[in-house]
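here is the input, now give the coordinates:
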Amino acid sequence: NNPTRNNNPSLPNNLPLDPQDSHRSPSSIPSARVVTYNIHTLGQEASSARSKRLLTNLLFLSSHTEVLFIQETREHIDKENPTLHPNIPLIPGFTPFSNPNTDVPNSGGTCIYIRNTFLETFQIREGMHKIVADGYIHMLSLLPRKGPSPPLLLINIYLPCGNSVEAQTMRASCLSALKS
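This next block holds a predicted model:
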């Protein structure tokens, strides 16, 4: 089984699936493939058919990327006990950076997964993960280990849709937070 050959009929045949095929030379800023996936809730029981399908999809996508953005995890973490939500699946070889909604249960929630071998090409420092809007926007600022290079800024954004006043207000609030 050749990892550079695309065996998935739903993807274009010319898509290189080996992450090394998309990297620049070692002297430049490390580059990555980025995949985004709106999963519309992790709140299902782990044994459900939907949860199994979701995990299968996450494993497939993660096998072909260095950065995986997830939106609408709908995870809620109590401000008094801010630990990683038990429903955030661990993907082998990846580090998750979670952004739960601490204000509204069953709303929003984002997560950034970074391939560990890719993450090792950057300096890991405090403050590199910043939550801009609880459950809606967060970012990672990664400084390459080699050379005087600018940081790689990864921003995961989930904006609620809809025409309600509440949705419009939330979108405006999130975008305003992103500007600052």
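
quick check, pLDDT for Phe94.
Note for Phe94: predicted pLDDT of 92.

oops, could you answer that again for Asp18 instead?
For Asp18, the model assigns a pLDDT of 50.

do Pro9 as well
So Pro9 comes in at 49 (pLDDT).

next one: Ser25
47.

what of the one 3 residues further on?
We have a pLDDT of 55 for Ser28.

next: Pro82.
So, for Pro82, pLDDT stands at 45.

and for the one 5 residues further on?
At Asn87, the pLDDT value in this model is 57.

before we move on, what about Ala32?
pLDDT, Ala32: 85.

how many neighbours does the nearest residue to it once chain neighbours are set aside have?
Distances taken as CB to CB, 6 or more residues apart in numbering put Glu66 closest to Ala32, at 3.7 Å, once the chain neighbours are dropped. (Each C-beta comes from the backbone N, C-alpha and C, glycine too.) By other CB atoms under 10 Å, 23 other residues sit near Glu66.

show me the contacts for Glu66.
Under the criterion of CB atoms under 8 Å, 6 or more residues apart in numbering, the neighbours of Glu66 are 19, 32-34, 114-115, 118.

residues touching Leu68, list them.
34-37, 58, 61-62, 91, 94, 112-113.

TSV for those, including secondary structure?
As requested, the contacts of Leu68 are exported to TSV (DSSP: H, G, I helix; E, B strand; the rest coil):
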residue	secondary structure
Val34	strand
Val35	strand
Thr36	strand
Tyr37	strand
Leu58	helix
Leu61	helix
Ser62	helix
Ile91	coil
Phe94	strand
Ile112	strand
Tyr113	strand
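
looking at the residues you listed, which one is closest to Arg171?
Thr36 (17.7 Å; CB to CB).

how near is the closest one to Asp134?
Here Thr36 is placed at a distance of 19 Å from Asp134 (CB to CB, to the nearest Å).

which ones are touching Met128?
Contacts of Met128 (CB under 8 Å, 6+ apart): 140-143.

show the buried residues in the contacts of Leu68.
35, 37, 58, 61-62, 91, 94, 112-113 (16 or more other CB atoms under 10 Å).

just those residues now: which is nearest Pro100?
Nearest member of the buried ones among the contacts of Leu68 to Pro100, counting by CB to CB, is Ile112, at 12.7 Å.

do I have it right that that closest one meets Phe94?
No. Applying CB atoms under 8 Å, one finds Ile112 not in contact with Phe94, separated by 9.6 Å.

confidence-wise, which helix or strand of this protein is lowest on average?
helix 49-62 (a mean of 84; mean pLDDT, DSSP states H and E).

sec struct for Ser149, please.
coil.

strands of this structure, residue ranges please.
34-38, 67-71, 94-99, 110-115, 122-123, 129-133, 137-144, 152-157 (DSSP state E).
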